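Participant: Here is my input, please return the structure:
(2 chains)
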Amino acid sequence: MKKCDFYEAKPFEEILLVGNPNTGKTTLFNLLTKSNEHVGNWHGVTVEQKGKNFSCFDKTFRLVDLPGIYSLSALSYEEKVAIDYIKAHNKTKIINICDQNNIERNLSLTLGLLEYGLDVVLVVNCMDKRPICKVDCKKLSSILNIPVFSINAKTGDNIESLKKALLQPYKIAPEPSYVQSLAKMLPFNIQVDRKEFYAIKLLEKDEDVIGLLKVNTNVDNVFKNSIQIVAKTRYDFIEKIKSECVKHSGKVYGESKIDKIVLNRFLAFPLFLLILCGVFYFTFFSIGKWLSEGLTSLLDNTIARFVNQISASVFGEGSWVYGLISEALIGGVGTVLSFLPQVALLFLFLSFLEDSGYLSRVAFACEDLFGKLGLSGKSVYSLLMGFGCSTSAILTARNMDDKKAKIKTAMLTPYMSCSAKFPIYVVIGGAFFGANNVFVILGLYILGLIIALLLSYIYEKTILKSKEQSFILEFPPYRFGGIKRMTNVLWDNVKTFLIRVGSLIIAMNVIVWLLGNFSFSFGYVTKDGGVSMLESLGKILAPIFVPLGFGSWGIASALIAGVVAKEVVISSIAMFNLASNMGEISLSLSNPESVVFFATPSVALSFLVFCLLYCPCLSSMAVLKQEIGRKWTFFAVIVQFCLAYLTTLFVYNVALTFEKFGGTKVVLFLLLFVLIIICVIKIISLFRKSRSCRGCNRCK
Amino acid sequence: MLDLTQAKLNEKLYICGYQNLSDKILRRLCDLGLTMGQSVRVKAKSLLKKALLIEIRDYELTLKSDIASGIMVK
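Facilitator: Residues are numbered from 1 along each chain as shown, chains lettered A, B, ... in the order given. Alright, predicted model coming up:
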């Protein structure tokens, strides 16, 4: 994961970007700094501060994008990050961005910033063609005594006037008129800078401020309703502003007619599952598959053939360099590369869902189920993003307001089938299940999800009982990011994938190939004979996997290499089986002479289940360690491996039984088994009842 | 007087008090504009009624029912 460059030297004057969640802070950040940071129509996309330099006429500033906040009192971890940053940089200019369509609620934060005493430039962001509200910025500026600009963070309309305002020297904005009278409500004196602000925060019973000033707010009657009084005073002031500067169309922000179906109590959940199935179908079995096949044949007929011919003529076909190029680069890397269209499509669909505003509705629909499992509806976002990349999805768990729910969500995200795993499903599943692979892959996705939810339930009942989650989530309006945004997302993901393939995957493939083709005495195995280093090491580990049906050194080595990045599992198999594309790998897998060979479909299924569950990749582990600490990461990895082993053992044995006795017999046997269990339970309960009645006479 | 979970769908009601809410949650609700005397409307409930969608100050917000049960309305 790329570490935030905030930790670098900061030679330029800073400007902080502050606002409510989902108001377009990162969109404005991207516009000013010409960056491409992740944005989405969901509250809490930005979970850590990001800093980047930008030029403002002849001066350079450092713009810091902070996670969204509703006030200067934190509820979740990412809010605390933003608030602490603002307080630590209280002599820094602030761009406070407000959503024009929800200006009333957004101004509450603006007043909070003014109460604190900061140099605030207010930006009213209007990204809709037909806005719900129209704001008179001049009037608003004269009431609040701060510069106010209306801009469009997407298109950059009026951005120049904002830039000019940033050049003005630092000047603390005057406090709102109600501040003094409100601060006087505090029944005792406090000796601190920004006295009025801290007085209001004490009246709001802000735990951090109470801890900082070491006062007791439970002794006086003033504090009984002080939170409500402060908020009412603020909102009364906002209503006065609203009556003078805002024209409201009467529409409700976030309201949509589609919600009657999307939020229907009985339709919401099935609709979500249908959309997910649609996304996976289009990605793996329709458009994505055609594009992937096209790319494979293009790569085979152009680059692969050309490079093979050149390397054969330069190094000779028997040389190890030729072997390295044709097996590790053409075969291994080429196989992973052919999945580029599917990976890009999956991320495009996920980003479309994220931009649309639909995920907040899904979170609402899932709250019932997730609440019972000790998660929050908000976890849906992290888990869904886990279908793309676990590493970035783990970070999104930060917007949970309970620490244990955050740990749980972060630990469960790697159980989702990330995009790096599906080349394994497509190649191996395709080889053994043919047209039925669609159900196998769907089953794997569902299995991952079910195990994650069951595990969450177990954690909730045992070691990670979470506090009541607040689950306060605002509904954003439905939006379509636009063709430009979609093209950007597509290009961004293609670029990321190519960089990943060009660096990590190539490096891993070269290492695996070298270990797999050279012996400990550095002899080239293909030419000189002998046993490769990987074979020797793999044979030590292979017995562990014998009960699961795939105890060969090749598979053990591929799984170990896959810990670095899951794509390496399939590229290693391609290298070991000397296959140069998906078709050749599929054929080689059922050939007993291949290094990686699956005797029956049950063994292949067992391998797929193990790959789904066995371990988070290295970068996910690093992010887990950063987010939940070393102890929990270690615990999560151990639990995941043990669970993967046991689940695979179970699936393999069930599949073997099916293979041996046929489907009908197994189903009948299972029914008989269930029947016997029910009978036993009934008999035990009857026996208990008769025992409890002995001599008590109460039943009569 | 009833709590928000008992409100009928789309009925316009006014907040008249709070009960059994922690300071943190009450402060957040107030920040979001759920102040005394403010009009509020319940627009949807989830399948098991554990989450509520409400309309407040011209925008939509979802709340868990245990928080909503701490908001008194009339």
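Participant: How much space separates the residue in chain A that chain B sits nearest to from A:Thr335?
Facilitator: Taking Cβ to the nearest Cβ, chain B has its nearest neighbour within chain A at A:Ala231, 3.2 Å off. In short, each C-beta sits where N, CA and C put it, glycine included. According to Cβ to Cβ, to the nearest Å, A:Ala231 and A:Thr335 sit 59 Å apart.
Participant: So for the two, which sits in the more crowded spot?
Facilitator: Ranked by neighbour count (other Cβ atoms under 10 Å in any protein chain shown), A:Ala231 and A:Thr335 place A:Thr335 first, with 28 against 24.
Participant: Just give the closest residue to that one, not the sequence neighbours.
Facilitator: A:Ala574 (4.6 Å; Cβ to Cβ, 6 or more residues apart in numbering or on different chains).
Participant: Please export the C-alpha coordinates of the helix or strand hosting the one you found as PDB.
Facilitator: Taking DSSP states H and E as the criterion, A:Ala574 maps to helix A:567-576. Extracted C-alpha coordinates of helix A:567-576, given in PDB (Å, rounded to 0.1, in the frame of the first residue of the first chain):
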ATOM      1  CA  GLU A 567      -2.300 -14.200  -8.700                       C
ATOM      2  CA  VAL A 568       1.000 -16.000  -8.200                       C
ATOM      3  CA  VAL A 569      -0.800 -19.200  -7.400                       C
ATOM      4  CA  ILE A 570      -2.100 -19.500 -11.000                       C
ATOM      5  CA  SER A 571       1.100 -18.200 -12.600                       C
ATOM      6  CA  SER A 572       3.200 -20.700 -10.600                       C
ATOM      7  CA  ILE A 573       1.000 -23.500 -11.700                       C
ATOM      8  CA  ALA A 574       1.400 -22.300 -15.300                       C
ATOM      9  CA  MET A 575       5.200 -22.300 -14.900                       C
ATOM     10  CA  PHE A 576       5.300 -25.700 -13.200                       C
END
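Participant: What lies in contact with that helix?
Facilitator: Applying Cβ atoms under 8 Å, 6 or more residues apart in numbering or on different chains, the contact partners of helix A:567-576 are A:327-328, A:331-336, A:339, A:420, A:423-424, A:427-428, A:500-501, A:505, A:508-509, A:512-513, A:516, A:554-555, A:557-559, A:561-562, A:579-580, A:584-585, A:589, A:594-596, A:611.
Participant: Residues of chain B that sit close to chain A?
Facilitator: Chain B comes close to chain A at residues B:18, B:23-33, B:35-38, B:44-51, B:53, B:55, B:57-64, B:66-67, as judged by Cβ under 8 Å from any Cβ of the partner chain.
Participant: now do 6 Å
Facilitator: B:23, B:25-28, B:30-31, B:33, B:35-36, B:44, B:46-48, B:50-51, B:55, B:57-64 (Cβ under 6 Å from any Cβ of the partner chain).
Participant: Give me the residue ranges of chain B where confidence is low.
Facilitator: Within chain B, no stretch has pLDDT under 70.
Participant: and if we set it to 90?
Facilitator: Low-confidence regions of chain B, defined by pLDDT under 90, span residues B:1, B:20, B:45-51, B:64-66.
Participant: Flag every residue of the stretch 451-600 of chain A that's near chain B.
Facilitator: So far as Cβ under 6 Å from any Cβ goes, the stretch 451-600 of chain A lies against chain B at A:470-475.
Participant: separation between the residue nearest to A:Tyr652 when sequence neighbours are not counted and A:Val568?
Facilitator: Once flanking residues are discounted, A:Tyr652 sits nearest to A:Ser606: 3.8 Å by Cβ to Cβ, 6+ apart. Distance of A:Ser606 to A:Val568, given as Cβ to Cβ: 20 Å.
Participant: Lovely, talk soon.
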